[in-house]
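**Student:** sequence first, then the predicted structure:
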Amino acid sequence: MLLAYRCALASERVTAAAVEATEFPAAADRHGVVSVPAIVANDRLAWVGSVPEKAFVEHVHRVSKSLP
Amino acid sequence: MNPLGEHERAAIREVFVDLERDVPILLELGPEAAPITVLAGGREIDFGDETKLLLEQLAELSDRIDLTVKETENPGQWPKTTVAGALVYHGLPWGYELTTLVGAIAEAGRTAPSLSSASLETLASLERDVALEVYVTPT
């Protein structure tokens, strides 16, 4: 989660929100979240699991490029 | 409920000593769009009340933290905590996720980015906005 926050602080293009999945199960279900951490990017499940900083930022970059 | 014990207070106070700038925190409370019931210690958890108490206790640990509480009548993903106008947490940051909230405050209190120069370069090249939601649990 902290990597998402760090990205949001470093880039005006990134926003970051944690969502407590047990408290908001409907939102978790809507995105197909079955394990945590699950990262939803622009309302779509993007990847699951903790990754190192380099991989996290690359994921964000890849998601940004793949958006319509 | 007393969210923070003395040991936790001392540890968090040590983290907050390093805050280099003021960190505003906004807590928004209101009716949950799809309320759930969670029991802990034989009683029902009120997520809004627990979050408010937790944030009040955190704010007592540093003069750098300025807590504002707002209430709304509109249903939504409440409680919602916003650190420094940018870092959002939906729900009660309890258990392991207390570390996330404390970490968010620590990050917002830094004057220099904590990401590597390579990561900053990659983020600077983003051409489209990315809204990240990270689903977490307290354990």
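**Tutor:** Perfect, thanks for sending it.
**Student:** checking the spatially most central residue of chain B next. Helix, strand or coil?
**Tutor:** Within chain B, one residue has its C-alpha closest to the average C-alpha position: by Cα atoms, centre = their mean, that is residue B:101, at 3.7 Å. Assigned state for residue B:101: helix (three-state reduction, DSSP: H, G, I helix; E, B strand; the rest coil).
**Student:** ok, residue 38 - how many residues close by?
**Tutor:** Let's take chain A. Here the count is done by other Cβ atoms under 10 Å in any protein chain shown, and residue A:38 has 21 residues near it. For glycine as for every other residue, the C-beta is placed from the backbone atoms N, C-alpha and C.
**Student:** hmm, no, I was thinking of chain B.
**Tutor:** Look at residue B:38: counted by other Cβ under 10 Å, it has 12 neighbours.
**Student:** which parts of chain A are strands?
**Tutor:** Along chain A, the stretches classed as strands by DSSP state E are A:14-20, A:38-41, A:44-48.
**Student:** list the contacts of the residue in chain A that chain B sits nearest to.
**Tutor:** In chain A, no residue comes nearer to chain B than residue A:20, which is 2.8 Å away by Cβ to the nearest Cβ. Neighbour list for residue A:20: B:89, B:90, B:91, B:92, B:93, B:97, B:136, B:137, B:138 [criterion: Cβ atoms under 8 Å, 6 or more residues apart in numbering or on different chains].
**Student:** do I have it right that residue B:115 meets residue B:123?
**Tutor:** Yes - checked against Cβ atoms under 8 Å, the pair residue B:115 and residue B:123 is within contact range at 7.5 Å.
**Student:** who are the contact partners of residue A:48?
**Tutor:** With Cβ under 8 Å, 6+ apart as the criterion, the residues that contact residue A:48 are A:35, A:36, A:37, A:38, A:39.
**Student:** could I have the buried ones of these as PyMOL selection syntax?
**Tutor:** Those of the contacts of residue A:48 that count as buried under 16 or more other Cβ atoms under 10 Å in any protein chain shown are selected in PyMOL with:
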select buried, chain A and resi 36+37+38+39
